[in-house]
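1. this one's sequence-less:
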């Protein structure tokens, strides 16, 4: 079981930026697949961004169409941390953002954080 703790959420005006962080437990973090999801009120949880481990220090990155070009996922393996840098935020980005992990390196996420709220005002 991987423990995940997100931080960095908050209230921001439309057009602004935020960076979310997620610290993961475990000694093999560099081989984890990591992802970010979000859930807005009344909606289902949706994929935002993910990093699948391709071996060594190579990761395959993917984004939802709605955030591509505005959001960037990255990681610092020395800190067991994955980030989601968000810019040009829109009111429709308002949601609880969740970090997810797959210790096998793929994107079959079976470990989830508690979530952090992001609210974008118009």
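-> All right, it came through fine. All figures in this text were calculated on a predicted structure; none of them were measured in a lab. Numbers count the residues shown, from 1 in each chain.

2. Report pLDDT for the one residue sitting closest to the centre of the chain.
-> By CA atoms, centre = their mean, the chain has its centre lying nearest to residue 36, at 2.7 Å. In this model, residue 36 is scored at 98, pLDDT.

3. Who does residue 38 form a beta bridge with?
-> Applying DSSP bridges to residue 38 gives these bridge partners: residue 46, residue 97.

4. Strands of this protein, residue ranges please.
-> Assigned by DSSP state E, the strands in the chain fall at 4-7, 10-13, 18-24, 33-39, 46-55, 58-63, 71-76, 81-86, 95-102, 111-112, 116-121.

5. The shortest one: partners in the sheet, and parallel or antiparallel?
-> Looking at strand 111-112 with DSSP bridges, its partner strands are strand 95-102 (antiparallel).

6. where's the strand it pairs with relative to the chain centroid, distance-wise?
-> 5 Å (CA atoms, centre = their mean, to the nearest Å).

7. Just want the angle from that strand to strand 116-121.
-> Angle between the axes of strand 95-102 and strand 116-121 is 150 degrees (criterion: axes from the mean of the first three to the mean of the last three CA atoms, to 10 degrees).

8. Now strand 95-102: average pLDDT?
-> 98.

9. what does stretch 58-68 give?
-> 97.

10. which of the residues in that stretch are buried?
-> Neighbour-count burial for stretch 58-68 flags 59, 63, 67 (criterion: 16 or more other CB atoms under 10 Å). Every residue, glycine included, has its C-beta placed from N, CA and C.

11. Pretty sure the first one sits against residue 51.
-> Yes - using CB atoms under 8 Å as the test, residue 59 is close enough to residue 51 to be in contact (4.5 Å).
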